[in-house]
Structures are given as C-alpha cells and as structure tokens.
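Student: Everything below, folded, please.
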Amino acid sequence: MEVYEKINLLLQEKKLSKKEFTEKLRNLEPKLNSTTEIPSEKSVYAYLSGRIGIKIELIPYIAEVLEIPEQLLFDDSNRTRKMYLKHILQDITSEEKELIKSKVCPEQTSKINIPKDRFHNINDLLIYAPEIFLENLENTLKNYKDLTLKFTK
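Tutor: Presented below is the predicted three-dimensional model:
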C-alpha cells in the first residue's frame, strides 16, 4: 500500500475529510525544503490523490494531523509494530511507563482488596488442593507479582 493510500484510509477511519485534513496540515505551517513555502491546498490534494509524491519533510506533520506515529504511515504490520515497541522500551520514560500501565493493566491502578471472608475461605480450602495445583498456583501468583512490580516501578 502506498503512503497516500494509507493516509486516505486513515482519513476514512478518523472520519476526517480531505478538506479538513488539508486545513489542519496547512495550519501547522510545514515548509517544503525545495521552496521554503507551505504547500498549497492544490498540492496537498495532489499528494492525497497520488498524482505527485509526498515530500519526506511533510511526514511528521501528516502524522501529527492524523495523531499517529510516523512509522504507521509506512508499515503497521505486527512485526514492525513489535520492533517499534521494543525500540521504545529500550529507554522508556516513567511517563510512558505509566501510560502503558494504565492501558495494559487498568485494574492495577487501584489497589486490589480481597475481602477477608473470601481470603479465609480460599485459605481454608487450600488444604484440599493437590500439591501440583499448589505449585502452579504459587508460580502463577509470583508471576503476577513480578509483572505488577515491573509496571509500578
């Protein structure tokens, strides 16, 4: 899929008309390297139709209007998304970590409280569980703990 096709698809998904997109893009005042001018409305429509190639210096502005990472204009396959995520995680900020935590584990944002009655009932029933179950339960709970601590640091 060509970049202009991807942009048009995203415009449809976001219910944004080409006119609205063009206005938002031009309001950001992107300057073309070749002319040091903002692209005309006619030029933007030509980019969107594929009649002329999109200038590379416009990509960050286009991504900003569409509210997406620039990379998604080129390739949004699972493989590429995973690579992009790994890249971000290499030097993740605490703000980014909090955002991920709130999206991935929303239930972790509030402390989990187990009612005392439920806790005691479970504790009383554990004596009837086979050893293999207890080992699996212990390992699972440790994994949950590690995951929780990883996202809260």
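Student: Next, count neighbours for K101.
Tutor: Burial measure for K101: 17 neighbouring residues, criterion other CB atoms under 10 Å. To be clear about C-beta, it is placed using only N, CA and C from the backbone, and glycine gets the same treatment.
Student: which SS class is the residue lying closest to it once chain neighbours are set aside?
Tutor: For K101, ignoring the flanking residues on the chain, the nearest one in space by CB to CB, 6 or more residues apart in numbering is F151 at 4.3 Å. Three-state call for F151 (DSSP: H, G, I helix; E, B strand; the rest coil): helix.
Student: Buried ones in the lowest-mean-pLDDT helix or strand in the chain, by neighbour count?
Tutor: Lowest by mean pLDDT, DSSP states H and E among the helices and strands of the chain is helix 94-104, with a mean of 81. In terms of neighbour count (16 or more other CB atoms under 10 Å), helix 94-104 has its buried residues at K101.
Student: Low-confidence regions, this structure specifically.
Tutor: 106-112, 152-153 (pLDDT under 70).
Student: would you list every one of the helices in it?
Tutor: 3-13, 18-27, 41-49, 59-66, 78-90, 94-104, 116-125, 131-152 (DSSP state H).
Student: Wait, the residue nearest to K101 touches K103, no?
Tutor: No: using CB atoms under 8 Å, F151 is not in contact with K103, being 10.6 Å away.
Student: if we can go back for a sec, between the helices of the chain, which one is nearest to S34?
Tutor: Among the helices of the chain, the nearest to S34 by CB to CB is helix 41-49 (11.3 Å).
Student: can you give me the angle the closest one makes with helix 59-66?
Tutor: Per axes from the mean of the first three to the mean of the last three CA atoms, to 10 degrees, the angle that helix 41-49 makes with helix 59-66 is 80 degrees.
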